[in-house]
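Peer 1: heads up, no residue letters with this:
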């Protein structure tokens, strides 16, 4: 399949909370966006139906503009088996061996390509974001969990069966909190948005003085905003999360010797209060030679990285 210059692509970013979709041109520019709640507790078929509705809406918009859609790229929060078109394991959705491509193909004649969401975000950031020009790049996404995407020698590295880059399940503290994968002390139990909210609630329950106690439905962005307002509890949470993430990145730096590590997700907007302790800890935990050359930078594409990267996946697969 060849993607023509004037054809459009649909990029889908399936997250634990929301499904985001975008109509993207061959240069990576977003033409239109759609969004819906994931509602993972309703089951895989119901989630696939919501994805299909977004795809249908975007296809209609393309048709109204007189444009053809070449294909659909889908980023999923877990391990993708591209050969079978299945979600092998997505712990935050509680999915295992879900034939997602089959579900979606029952509603569209377009080719559907599956990839891990952090891998998709890595493709997006390398293409048009903070990783432009990078040859060896690691993408870390901080959300409901912690995702990792690897660009090695200029190309996406997925591993033997699509499972590479799961840095969120690197064990940092074997006596730490229980992870959705069944292990204890995985990186995402210590530094994800979910982990930060858990730490904030624990502090509130302990009676610590914080403006976070005013929030009824506490989210990680509330913690970031409170930290920027110099709330002591929020600052401590960000610092703890940054140091744990720095430990994980020290391992990543030693293992892959990347030129760039891109940090994405809403928490990455915290700025220096996150990145200063994070960089300090990462350098402390890594060897001098690889630490000297790596840049640790915030993502540039924001919430669009996953959709743009999913669209890039279609272009790469088509080639």
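Peer 2: Thanks, I have the structure now. Since the structure is predicted, the reported quantities are computational estimates derived from the model, not experimental observations.
Peer 1: What mean pLDDT does stretch 199-218 get?
Peer 2: Across stretch 199-218, the average pLDDT comes to 94.
Peer 1: in it, what counts as buried?
Peer 2: For stretch 199-218, burial by neighbour count (16 or more other Cβ atoms under 10 Å) applies to 199-200, 203-204, 210, 212, 215, 218. Where C-beta positions appear, they are placed from N, C-alpha and C, glycine not excepted.
Peer 1: now do the same end-to-end measure for it.
Peer 2: Using Cα to Cα, to the nearest Å, the end-to-end distance of stretch 199-218 comes to 11 Å.
Peer 1: Please apply the same query to stretch 75-84.
Peer 2: The first and last residues of stretch 75-84 sit 15 Å apart, counting by Cα to Cα.
Peer 1: Show me what counts as buried in that stretch.
Peer 2: Using 16+ other Cβ under 10 Å as the test for burial, stretch 75-84 gives 75-82.
Peer 1: do stretch 253-267 as well
Peer 2: Using 16+ other Cβ under 10 Å as the test for burial, stretch 253-267 gives 253, 256-267.
Peer 1: Could you list the low-pLDDT ranges of the protein?
Peer 2: Low-confidence segments of the chain, defined by pLDDT under 70: 1-5, 319.
Peer 1: about what we covered before: mind checking which of the buried residues of stretch 253-267 are in strands?
Peer 2: Assignment to strands by DSSP state E places the following of the buried residues of stretch 253-267 there: 260-264.
Peer 1: Between the residues you listed, which sits nearest residue 101?
Peer 2: The shortest gap between residue 101 and any of those belongs to residue 264, at 25.1 Å (Cβ to Cβ).
Peer 1: Report the contact partners of that closest one.
Peer 2: For residue 264, the set of contacting residues under the criterion of Cβ atoms under 8 Å, 6 or more residues apart in numbering consists of 121, 125, 139-142, 298-299, 301-302, 305.
Peer 1: 7 Å instead, please
Peer 2: Under the criterion of Cβ atoms under 7 Å, 6 or more residues apart in numbering, the neighbours of residue 264 are 121, 139-141, 299, 305.
Peer 1: could you pull out the strands for this structure?
Peer 2: Listed in chain order (using DSSP E), the strands of the chain are 8-14, 18-25, 30-37, 69-76, 79-81, 86-90, 95-98, 112-116, 137-142, 146-152, 155-157, 260-264, 295-298.
Peer 1: between these, which gets nearest to residue 173?
Peer 2: Taking Cβ to Cβ as the criterion, strand 146-152 is the member of the strands of the chain that comes nearest to residue 173, at 14.0 Å.
Peer 1: ok so, going back, just the buried ones from the contacts of residue 264?
Peer 2: 121, 139-141, 299, 305.
Peer 1: ok so, going back, what's the most distant pair in the buried residues of stretch 253-267?
Peer 2: Spatial extent of the buried residues of stretch 253-267 (Cβ to Cβ) is set by the pair 257 and 266 at 28.5 Å.
Peer 1: out of the buried ones among the contacts of residue 264, what pair is the most spread apart?
Peer 2: The span of those, defined through Cβ to Cβ, is set by 140 and 305 at 11.7 Å.
Peer 1: What's the local residue count around residue 300?
Peer 2: 16 (other Cβ atoms under 10 Å).
Peer 1: My error: substitute residue 191 in the last question.
Peer 2: As a burial measure, residue 191 scores 28 neighbours (other Cβ under 10 Å).
Peer 1: Could you save the strands of the chain as a markdown table and add columns showing distance to residue 234?
Peer 2: A markdown table is the format used below for these (distance: least, Cβ to Cβ, whole Å):
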| stretch | distance to residue 234 |
| --- | --- |
| strand 8-14 | 27 |
| strand 18-25 | 24 |
| strand 30-37 | 27 |
| strand 69-76 | 30 |
| strand 79-81 | 33 |
| strand 86-90 | 30 |
| strand 95-98 | 33 |
| strand 112-116 | 30 |
| strand 137-142 | 16 |
| strand 146-152 | 20 |
| strand 155-157 | 35 |
| strand 260-264 | 18 |
| strand 295-298 | 19 |
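Peer 1: before we move on, the earlier item: which of the buried residues of stretch 199-218 sits closest to residue 280?
Peer 2: Closest approach to residue 280 among the buried residues of stretch 199-218 (Cβ to Cβ): residue 199, at 20.0 Å.
Peer 1: I'd guessed that closest one sits against residue 239; true?
Peer 2: No - at 10.8 Å, residue 199 does not count as touching residue 239 under the criterion of Cβ atoms under 7 Å.
Peer 1: And residue 199, how far from residue 128?
Peer 2: For residue 199, the distance to residue 128 under the criterion Cβ to Cβ, to the nearest Å works out to 34 Å.
Peer 1: typo on my end, it should be residue 308
Peer 2: For residue 308, the distance to residue 128 (Cβ to Cβ) stands at 6 Å.
Peer 1: neighbour count winner among those two?
Peer 2: Neighbours per residue, other Cβ under 10 Å: of residue 308 and residue 128, the larger number sits with residue 308, 27 against 19.
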